[in-house]
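Trainee: Requesting a structural model of the entry that follows:
(one chain, ligands or ions: 1)
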Amino acid sequence: MSSYAEQLREEQQAVDRAYGRLDDLRAQMWQRLDTVRAAGSHGSPTQRTERDSFATMYENRLTQLRAVEDRLVFGRLDASNGERHYIGRIGLSSEDHEPILTDWRADAARPFYEATPSNHGDIVMRRHITLSFREVVGVEDEVLDVHSEQVGQASSAGTLTGEGALLASLSTRRTGKMTDIVATIQAEQDRIIRSDLNRAIVVQGGPGTGKTAVALHRAAYLLYTHRRTLERSGVLVVGPSSTFLHYIDQVLPSLGETGVVSRTIADLIPGVTATAADSPHAAKLKGDKRMAHVVSNAIAARIRVPANLPTVPISGIQVPMLASDIEQAQADAKRTRQPHNKARETFIRSMLASMQMRYAEQLDYTPDQAELNRAMSLLRMNEKVRKTLNLCWLPMTGPWLIDQLFARPERLRSYAPWMSDEDVKALARPKGSPLTRSDIPLLDEAMDLLGPDPKLQARSSAAAAREAAEEQYAKDTLAATGLGQGIVTSQMLLDQMNGDDGELVAQRAASDREWTYGHIVVDEAQELTAMDWRMLIRRCPSRSFTIVGDVAQTSALGGTRRWEKMMNRLFGETRWDLNELTINYRNPQEVSELASRFAQNEGLYISTVNAVRRIPDSVTHHVVDDEDSLLARVADEATALANQFVSDDGTGRIAIICPQGLIAPVRNAVRQQLSATLDPAQYQRLIDQSEWDEQVSVCGTETVKGLEFDAVVVVEPGRISDDAASRLVAASDLYVAMTRPTQRLVIVRTKADEKSLTI
Ligand SMILES: Nc1ncnc2c1ncn2[C@@H]1O[C@H](COP(=O)(O)OP(=O)(O)OP(=O)(O)O)[C@@H](O)[C@H]1O
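Mentor: Numbering: from 1, shown residues only. Reported below is the predicted structural model:
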């Protein structure tokens with residue numbers, strides 16, 4: 001019987017083989033890259049283009065090979081016939097095509113995540129391998145076939161256990177960056193990750209059930225399985241805040257996927273930034289689906305027949321602008337069903353033709369074409385005609401329209417008859433005000449209905465002409481090199497010339513408002529309003545979505561509290577699936593139970609969750625007399641937690657979550673206490689950390705959504721609740737705050753606060 005040490009040695013050989021192959025592939029790529037680079041700028045343009053395209057390809061492959069270094073191998077599957085498959089981040093095979101490592105996303109790797117003792121096919125044992133750098137430091141076996149001889153072997157080698165790898169990964173210190181869970185994906189998560197590309201998948205789950213993790217692994221899985229489709233169209237990940245996007249930005253690269261665009265709703269339109277915030281009531285109104293009509297009404301109002309129509313002299317003839325001609329030209333333009341600015345071209349053409357006719361019919365002879373053309377250009381250049389045509393059909397840009405919409409309350413009222421006086425008042429603002437997050441979907445709607453800004457359009461036609469010339473050049477290149485025989489298409493070569501691999505597709509997608517993605521992942525999806533959804537559907541007409549969220553954590557008044565209603569409307573009753581995650585991997589059971597009880601008492605619909613770990617004494621309550629003692633107590637607790645969890649190596653995170661009005665005084669008190677107890681260099685290091693990377697963070701509830709910390713202090717929960725827009729939102733906010741810690745939850749409040757809210 002082999003001992004545990006022998007098992008480690010045996011696995012070390014397999015792991016060395018995989019890393020050895022990885023090193024070889026990297027060296028090979030370097031060599032190829034050096035060879036193409038060494039040729040420099042010599043040779044014909046064709047040769048240079050070809051070299052550039054290969055260099056880009058090698059560089060990207062190298063980036064991918066570098067990204068998978070950490071925990072390259074993490075599992076082994078043993079089949080009943082004695083065959084073994086190692087599971088890892090990417091697939092590797094030897095030079096003579098012998099498999100070394102199976103990609104975790106391949107079908108052959110499925111049993112690693114899904115096999116159970118009652119349903120294991122021909123797999124008898126699953127082994128988890130733990131690495132520290134390239135060294136094997138642990139193995140752990142799960143026997144799936146209890147009758148197989150591996151049971152005896154595993155138990156005598158001391159490798160037989162159940163969930164050690166999972167529990168070990170859950171107890172590690174937080175680093176401020178989410179890590180992948182590829183080694184420990186659980187069966188209920190795996191089923192979601194591998195589900196069909198062509199349907200919308202909604203994943204509902206309580207806090208810490210791995211919704212974000214599942215959504216990101218699904219993106220990686222889809223990119224692997226449908227690489228050809230998705231590499232061209234790209235994948236978009238939408239998250240609630242830039243802090244959150246920062247938190248998750250390492251996950252996909254560590255899975256070997258770098259070409260994914262991640263954005264918040266606020267920065268989804270290239271070149272537009274929303275810097276202001278709306279009141280919760282205003283945000284709810286702006287998210288209402290009826291706002292789509294408000295925007296289209298605002299545009300339609302700029303198509304009209306002015307009361308005073310001029311008559312203009314053209315070569316001595318008085319040419320009238322007739323209401324009936326205007327109506328006819330407007331009808332012609334509307335029939336084209338083109339966006340407003342584009343249809344305007346038809347309107348102008350049709351109107352000028354009518355006026356030309358009004359000119360001709362007053363002559364007592366038949367004018368020749370030259371005269372008609374001259375009359376037409378005089379009409380076109382006439383200032384009065386130009387002004388009146390603009391009044392009849394105004395060219396507009398999206399930002400201008402949105403600015404006008406809220407700067408003219410009386411007009412807004414007429415476009416939105418469903419709004420009350422208070423509603424209109426809540427939305428009114430001075431002309432030139434900065435855009436808010438909730439303006440963005442309205443702006444997108446407007447830009448879509450208006451079509452391109454005529455001035456910008458002229459610039460982009462020049463770019464299109466350039467692109468066409470490049471494509472021709474790529475075709476010529478292929479013809480010249482004879483490369484086209486089924487190996488490289490002209491589009492592929494063009495893509496290489498333009499750098500159209502995943503990463504560069506992502507850059508292009510991110511800078512193009514009209515880009516349509518092959519798949520969209522939406523996290524914290526419960527916060528999205530009907531108008532937000534319209535904006536996303538526009539970007540993915542195939543409606544291939546992964547939507548994850550928790551309807552008990554909804555803060556936005558216009559967000560979702562029931563998936564059915566919103567999803568049926570978006571996808572149709574039969575085109576989306578609801579999946580539920582039920583195991584809480586983040587919180588200790590004591591924290592999870594306290595938060596769930598509170599949420600239930602407050603009337604939130606919460607998913608049933610079971611926490612995987614118990615940590616006795618993970619929850620503590622402290623009640624103090626007044627605000628002075630509150631600050632002192634919070635500072636003491638925060639300092640004690642910082643000493644326990646925060647390390648100089650950058651690991652360990654704690655959050656002190658406060659009502660808005662207490663953020664500044666609490667931050668001061670905590671900093672004073674930290675500076676008094678830590679050594680100066682240590683203190684300075686913490687103070688210098690950027691906002692999204694702070695190891696000790698003092699903040700409100702809105703910034704912690706989706707994040708996690710080793711320990712959390714919740715300060716004056718009753719007052720946090722008072723800050724919220726409604727009782728239900730207050731409960732959701734506190735539920736979010738209480739469910740952020742992986743190890744400890746401390747609640748500090750005054751006696752008065754305790755009376756106002758029961759936890
Ligand atoms: N199978 C797993 N193996 C290891 N860790 C896991 C697994 N599933 C989830 N986790 C960990 O649990 C924590 C919570 O996961 P995640 O943030 O995805 O949850 P969530 O459902 O999105 O939570 P919330 O709704 O609170 O934002 C993360 O640290 C994640 O890495």
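
Trainee: mind listing the helices for the stretch 401-550 of the chain?
Mentor: For the stretch 401-550 of the chain, the helices defined by DSSP state H, counting those that start in this stretch cover 409-415, 421-427, 439-450, 454-481, 490-497, 502-510, 530-538.

Trainee: Among those, show the one with the smallest mean pLDDT.
Mentor: With a mean of 44, helix 490-497 has the lowest mean pLDDT of the helices of the stretch 401-550 of the chain.

Trainee: List the contacts of whatever residue of the stretch 301-450 of the chain ends up closest to the ligand.
Mentor: Here the stretch 301-450 of the chain gets closest to the ligand at one residue, R437, 19.4 Å apart by C-beta to the nearest ligand atom. For glycine as for every other residue, the C-beta is placed from the backbone atoms N, C-alpha and C. Contacts for R437 (C-beta atoms under 8 Å, 6 or more residues apart in numbering) come out as T264, I265, A266, A274, A277, D278, A283.

Trainee: so of those residues, which ones are in helices?
Mentor: A283 (DSSP state H).

Trainee: what about P280, neighbour count?
Mentor: By other C-beta atoms under 10 Å, 17 other residues sit near P280.

Trainee: Report the contact partners of it.
Mentor: P280 touches A556, L557, A725, V729, counting by C-beta under 8 Å, 6+ apart.

Trainee: which one of those has the most neighbours?
Mentor: That'd be A556 among the contacts of P280, by other C-beta under 10 Å, with 21 neighbours.

Trainee: Distance of that one relative to the ligand?
Mentor: Taking C-beta to the nearest ligand atom, to the nearest Å as the measure, A556 falls 15 Å from the ligand.

Trainee: gap between that residue and G91?
Mentor: From A556 across to G91, the span is 42 Å (C-beta to C-beta, to the nearest Å).

Trainee: need the residues of the stretch 51-200 of the chain near the ligand, please.
Mentor: Contact residues (C-beta under 6 Å from any ligand atom) of the stretch 51-200 of the chain with the ligand: L166, S169, L170, I181, T184, I185, Q186, Q189.

Trainee: Is the second one in contact with I185, as I believe?
Mentor: Okay, so that is S169. No. Between S169 and I185 there is no contact under C-beta atoms under 8 Å: 11.0 Å.

Trainee: Looking at those two, which one has more neighbours?
Mentor: More crowded of S169 and I185, by other C-beta under 10 Å: I185, with 23 against 15.

Trainee: how about the residues of the stretch 551-700 of the chain that lie near the ligand?
Mentor: Checking the stretch 551-700 of the chain against the ligand by C-beta under 6 Å from any ligand atom, the hits are Y585, R586.

Trainee: try 8 Å this time
Mentor: Applying C-beta under 8 Å from any ligand atom, we find that the stretch 551-700 of the chain lies next to the ligand at Q553, L581, I583, N584, Y585, R586.

Trainee: Span of stretch 229-242 from start to end?
Mentor: End-to-end span of stretch 229-242 (C-alpha to C-alpha, to the nearest Å): 28 Å.

Trainee: which of the residues in that stretch are buried?
Mentor: By 16 or more other C-beta atoms under 10 Å, the buried positions in stretch 229-242 come out as L230, E231, S233, G234, V235, L236, V237, V238, G239, P240, S241.

Trainee: and stretch 737-746 with the ligand, contact?
Mentor: Yes. Under the criterion of C-beta under 8 Å from any ligand atom, the ligand is reached by stretch 737-746 at T739, R740, T742.

Trainee: For that stretch, list the C-alpha coordinates in PDB.
Mentor: C-alpha atoms of stretch 737-746 as PDB (Å, rounded to 0.1, in the frame of the first residue of the first chain):
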ATOM      1  CA  ALA A 737     -24.300  44.300   4.600                       C
ATOM      2  CA  MET A 738     -24.700  41.400   7.000                       C
ATOM      3  CA  THR A 739     -23.800  38.800   4.400                       C
ATOM      4  CA  ARG A 740     -20.400  40.100   3.300                       C
ATOM      5  CA  PRO A 741     -18.100  38.400   5.900                       C
ATOM      6  CA  THR A 742     -16.300  35.100   5.400                       C
ATOM      7  CA  GLN A 743     -15.300  34.800   9.100                       C
ATOM      8  CA  ARG A 744     -16.700  37.400  11.500                       C
ATOM      9  CA  LEU A 745     -19.700  39.800  11.800                       C
ATOM     10  CA  VAL A 746     -19.700  42.400  14.500                       C
END
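
Trainee: hmm, who's touching it?
Mentor: Outside stretch 737-746, the residues that reach it (C-beta under 8 Å, 6+ apart) are 170-171, 174, 206-208, 586-588, 591-592, 594-595, 598, 615, 618-622, 637, 641, 645, 655, 657, 701, 704, 707-714, 717, 720.

Trainee: Likewise for stretch 385-395?
Mentor: 302-306, 309-310, 312, 321, 326, 329-330, 333, 341, 344, 347-348, 351-352, 355, 379-380, 454.

Trainee: Out of those residues, name the ones that lie in strands.
Mentor: Among those, DSSP state E puts V312 in strands.

Trainee: could you say which helix or strand contains whichever residue of the stretch 651-759 of the chain sits closest to the ligand?
Mentor: Here the stretch 651-759 of the chain gets closest to the ligand at one residue, G706, 4.3 Å apart by C-beta to the nearest ligand atom. Using DSSP states H and E, G706 is not contained in any helix or strand.

Trainee: quick check: mean pLDDT across the longest helix belonging to the chain?
Mentor: The helix that spans the most residues within the chain, counting by DSSP H, is helix 4-38. In this model, helix 4-38 has a mean pLDDT of 92.

Trainee: Could you list the buried residues of it?
Mentor: Result for helix 4-38 [16+ other C-beta under 10 Å]: buried residues 7-8, 11-12, 14-15, 17-19, 21-22, 25, 29, 32-33, 36.

Trainee: any idea of the angle the helix or strand following that helix forms with helix 4-38?
Mentor: Later in the chain than helix 4-38, the nearest helix or strand by DSSP H and E is helix 45-67. With axes from the mean of the first three to the mean of the last three C-alpha atoms, to 10 degrees applied, the angle from helix 45-67 to helix 4-38 works out at 160 degrees.

Trainee: picking that back up, which residues are in contact with the residue of the stretch 651-759 of the chain closest to the ligand?
Mentor: Contacts of G706 (C-beta under 8 Å, 6+ apart): T212, G239, P240, S241, F244, Y247, D523, E524.

Trainee: In helices only, show me those.
Mentor: T212, F244, Y247.

Trainee: May I see those residues organised as CSV, with distance to the ligand added?
Mentor: Shown next, in CSV, are the ones in helices among the contacts of G706 (distance: C-beta to the nearest ligand atom, whole Å):
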residue, distance to the ligand
T212, 3
F244, 9
Y247, 9
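
Trainee: What count of nearby residues applies to the residue in the stretch 1-150 of the chain positioned nearest to the ligand?
Mentor: When distances are taken as C-beta to the nearest ligand atom, the stretch 1-150 of the chain reaches nearest to the ligand at Y113, 8.9 Å away. When neighbours are defined as other C-beta under 10 Å, Y113 has 21 of them.

Trainee: likewise L363?
Mentor: 12.

Trainee: How about the residue nearest to it when sequence neighbours are not counted: which residues does it bridge to?
Mentor: If the residues on either side of it in the chain are set aside, L363 comes closest to I317, at 7.2 Å by C-beta to C-beta, 6 or more residues apart in numbering. Bridge pairing for I317 (DSSP bridges) gives the partners I314.

Trainee: pLDDT wise, what is I317 at?
Mentor: 94.

Trainee: mind listing what it touches?
Mentor: By C-beta under 8 Å, 6+ apart, I317 lies in contact with Y359, Q362, L363.

Trainee: how near is it to R386?
Mentor: With C-beta to C-beta as the criterion, I317 and R386 are 19 Å apart.

Trainee: could you pull out the helices for the stretch 251-400 of the chain?
Mentor: Counting by DSSP H, counting those that start in this stretch, the helices of the stretch 251-400 of the chain are 251-254, 280-287, 291-300, 323-335, 340-360, 369-381, 383-392, 398-407.
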